[in-house]
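# Fold the following and give me the result.
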Amino acid sequence: MENFDYYNPTKIVFGENRLSELNNLIPQQAKVLVLYGGGSVEKYGTLEKVLAGLGDREVHTFAGIEPNPEFETLMKAVALVQEKEIDFLLAVGGGSVMDGTKFVALAAKEHENHQSILFHGFEPVPSTTAIPLGCVATLPATGSEMNSFGVITFNHQKFPFTTPLAFPQFSFLDPELTLTLPKEQIANGVADAFIHVIEQYLTTPANARIQDRFAEGILKTLIEVGPVTYKNNDDLNARKNFIWSATSALNGYIGVGVPQDWSTHMIGHELTASFGIAHGRTLAIILPSLLRERTPQKKAKLLQFAERVWDISDGSDDEKIASAIDKTESFFNQLDIITKLSHYGIDDGGIENVVNNMEKMGLTHLSESGDLTLDIVKKILVAAK
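A predicted model of the protein is given here:
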């Protein structure tokens with residue numbers, strides 16, 4: 001196991017009917033900006049509950065943060081924050097709203113070069129101050145409610161950023177706020193959470209037994225409750241376990257002290273940016289082909305994955321691994337996610353476009369060991385066609 005530091009200051013408020021507690025978690029004199037996306041937050045009464053929970057303090061709202069939040073949209077929120085002298089931000093929505101709010105929290109303290117926040121990759125943004133923020137999560141998927149990361153779209157490309165300043169002070173996880181989600185978004189969220197775990201787990205052995213066992217537990221839980229949540233809106237127990245799995249997948253705990261491989265995400269981000277395919281679906285398209293291509297490099301952990309997560313005990317090591325990858329792809333298919341690029345109208349020209357854009361972004365050496373080059377990316381995409 002590698003040396004590591006672990007820090008996570010986010011308070012989680014889990015369970016039904018707890019939005020009345022908002023009033024106790026934000027300073028009474030704070031001027032609050034509530035940020036959200038489309039009309040569903042208004043249509044289904046979530047915004048009304050949030051505003052009631054904020055009591056009689058000064059509150060403003062900002063709507064319209066889109067999926068894959070756009071820099072230009074967020075800069076409008078930054079202007080509003082500066083105009084109204086806002087000193088607390090509250091994100092109400094899914095990962096895109098939470099990521100966008102994190103960016104606003106940082107950018108509102110800057111007066112120029114706001115886009116520079118996005119150009120540090122996975123190195124911490126060198127900001128020294130940010131507006132504090134909290135979250136009311138309505139779409140479990142990204143884990144943004146309990147981590148310091150965000151992804152923003154700028155000039156038609158997706159840019160990750162991170163800083164300890166972006167940790168939410170608190171996040172509400174109320175399963176009832178997710179009951180109005182379209183089934184497709186549930187499926188995407190399950191896939192996203194599953195692959196968050198995979199990219200911290202399916203790398204190379206590090207003798208990190210706690211991290212491995214926690215990761216395997218999250219994966220098995222998602223396999224058990226993901227399809228149930230997708231198919232049965234009334235199973236609140238399955239939904240609670242799905243929500244906590246999605247948060248636990250990317251709150252930092254399973255990733256400490258181990259190699260990580262975010263290749264699937266980097267390729268998936270480019271598919272989303274270029275073709276508008278939902279993030280979770282791009283990951284489900286890429287992962288099976290990537291694992292088949294990278295089996296020699298990941299063999300030890302893939303065998304562990306087959307035996308511990310999928311309970312595969314028969315056959316040779318190679319047969320177990322092949323079966324585990326097939327079962328993983330079938331799991332995504334159970335969620336009605338089609339894992340072929342051709343279904344989304346992406347041909348050889350589209351694949352070339354993805355590879356070329358990744359080269360422009362400097363994403364030329366991916367994987368836990370930096371040996372996944374663009375020629376291999378192309379092979380993975382062709383295999384997923």
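# Show me what the helix or strand where residue 284 lies packs onto, helices and strands only.
Assigned by DSSP states H and E, residue 284 falls within helix 279-293. With contacts defined as 3 or more C-beta pairs under 8 Å, 6 or more residues apart in numbering; DSSP states H and E, the secondary structure elements packing on helix 279-293 are helix 183-201, helix 263-275, helix 317-334, helix 374-383. For every residue, glycine as well, the C-beta is placed using N, CA and C.
# how about those helices in TSV, adding mean pLDDT and mean neighbour count?
Listed next are the helices and strands packed on helix 279-293 as TSV, based on pLDDT from 0 to 100; neighbours: other C-beta atoms under 10 Å:
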stretch	mean pLDDT	mean neighbour count
helix 183-201	96	25
helix 263-275	94	22
helix 317-334	98	17
helix 374-383	97	17
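# need these in a markdown table with distance to residue 29, can you?
As requested, the helices and strands packed on helix 279-293 are arranged in a markdown table below (distance: least, C-beta to C-beta, whole Å):
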| stretch | distance to residue 29 |
| --- | --- |
| helix 183-201 | 36 |
| helix 263-275 | 40 |
| helix 317-334 | 48 |
| helix 374-383 | 51 |
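# Figure out which of those helices is closest to residue 128.
Residue 128 lies closest, by C-beta to C-beta, to one member of the helices and strands packed on helix 279-293: helix 263-275, at 27.9 Å.
# neighbouring contacts of that closest one?
Among residues not part of helix 263-275, those counted as contacts by C-beta atoms under 8 Å, 6 or more residues apart in numbering are 68, 151, 153, 156-158, 195, 198-199, 277-279, 282-283, 285-287, 290, 344-346, 350, 353-354, 357-358, 361, 363, 366-367, 372, 377, 380-381.
# That helix vs helix 183-201, what angle?
Per axes from the mean of the first three to the mean of the last three C-alpha atoms, to 10 degrees, the angle that helix 263-275 makes with helix 183-201 is 140 degrees.
# ok, back up a step: let me know which of the helices and strands packed on helix 279-293 is the nearest to residue 250.
Closest to residue 250 of these, according to C-beta to C-beta: helix 183-201, at 4.6 Å.
# The following helix or strand past the closest one - contacts with which helices or strands?
Note on helix 183-201: by DSSP H and E, the next helix or strand toward the C-terminus is helix 209-231. On a contact count with 3+ C-beta pairs under 8 Å, 6+ apart, helix 209-231 meets helix 183-201, helix 236-249, helix 317-334.
# For the longest one, C-alpha coordinates in CSV please.
Spelled out, that is helix 183-201. As requested, C-alpha coordinates have been extracted for helix 183-201 and formatted as CSV (Å, rounded to 0.1, in the frame of the first residue of the first chain):
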residue,chain,number,x,y,z
LYS,A,183,-35.4,5.6,-15.5
GLU,A,184,-32.6,6.4,-17.9
GLN,A,185,-30.9,8.6,-15.4
ILE,A,186,-31.1,5.9,-12.7
ALA,A,187,-29.4,3.5,-15.2
ASN,A,188,-26.7,6.1,-16.0
GLY,A,189,-26.1,6.7,-12.3
VAL,A,190,-25.7,3.0,-11.5
ALA,A,191,-23.2,2.7,-14.4
ASP,A,192,-21.3,5.8,-13.3
ALA,A,193,-21.0,4.7,-9.7
PHE,A,194,-19.9,1.1,-10.7
ILE,A,195,-17.2,2.4,-12.9
HIS,A,196,-16.0,4.9,-10.4
VAL,A,197,-15.2,1.9,-8.2
ILE,A,198,-13.7,-0.1,-11.0
GLU,A,199,-11.2,2.7,-11.9
GLN,A,200,-9.8,2.7,-8.3
TYR,A,201,-9.9,-1.1,-7.9
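# The helix or strand where residue 354 lies packs against which elements?
Element membership of residue 354 [criterion: DSSP H and E] is helix 348-360. In terms of contacts (3+ C-beta pairs under 8 Å, 6+ apart), helix 348-360 is packed against helix 263-275, helix 374-383.
# Using CSV, list the CA coordinates for that helix.
Provided in CSV are the C-alpha atoms of helix 348-360 (Å, rounded to 0.1, in the frame of the first residue of the first chain):
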residue,chain,number,x,y,z
ASP,A,348,-14.7,5.2,-38.0
GLY,A,349,-14.7,8.9,-38.7
GLY,A,350,-16.1,9.6,-35.2
ILE,A,351,-13.5,7.4,-33.6
GLU,A,352,-10.7,9.3,-35.4
ASN,A,353,-12.3,12.5,-34.1
VAL,A,354,-12.2,11.3,-30.5
VAL,A,355,-8.6,10.2,-30.8
ASN,A,356,-7.6,13.5,-32.4
ASN,A,357,-9.3,15.5,-29.7
MET,A,358,-7.7,13.5,-27.0
GLU,A,359,-4.3,14.3,-28.6
LYS,A,360,-5.1,18.0,-28.6
